[in-house]
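Enquirer: Show me how the following folds:
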Amino acid sequence: MSVMKSFKGKLADGEQEEISLSTNNGLTGYEITKFQVMPTDANIDVESVVKIYSVQETTVTDQIDFSESTLLAASIIRAGSGVAQPLTVTTIFDNIKFNQDIFVTLKNSSYTAEINYYIEMKQSDLSLDEQTVATLKNIRNSN
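Expert: Numbering: from 1, shown residues only. Presented below is the predicted three-dimensional model:
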């Protein structure tokens, strides 16, 4: 049986937030189904990158590298206070199952605006094989 879970928050430039998902037995898995970002103020200029990782990042950057095995999702948001630059958002996320905490980061390119994020995940029970794979992936990526 699967259940939908949602998480929302607000990040400042260079900030990283942990979303606690891990359980004692690791038999609960999650898969991102929706990832959205939005400025906190419609009257400011924004150029930001919001990313979701399976491990805590040592440095928060605005660089996106899809070859990073720990990158679960990335979103770029651009908006101007005038009509000349309408809001544009590009979001991509991986459809893998994980069973550990995740980390949401924000890095602004040239502005210091805060950004809201909203994440929906499908929660489901994992078999012992799926739990072992997800846990081993997390351990490998943590080292």
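
Enquirer: Tell me where this structure has helices.
Expert: According to DSSP state H, the chain carries its helices in the segments 128-142.

Enquirer: For it, which helix or strand comes out least confident on mean pLDDT?
Expert: The helix or strand with the lowest mean pLDDT-type score in the chain, counting by mean pLDDT, DSSP states H and E, is helix 128-142 (a mean of 70).

Enquirer: Next up, the contacts around the spatially most central residue of the chain.
Expert: By Cα atoms, centre = their mean, the chain has its centre lying nearest to Ile52, at 2.4 Å. Residues counted as contacts of Ile52 (Cβ atoms under 8 Å, 6 or more residues apart in numbering) are 32, 35, 71-74, 93, 102-105, 119. The way it works is simple: take the backbone N, C-alpha and C, and place the C-beta from them, glycine included.

Enquirer: Out of those residues, flag the one nearest to Ser6.
Expert: Ile119 (6.8 Å; Cβ to Cβ).

Enquirer: So in terms of bridging, what pairs with that closest one?
Expert: Counting by DSSP bridges, Ile119 is bridged to Phe7, Phe35.
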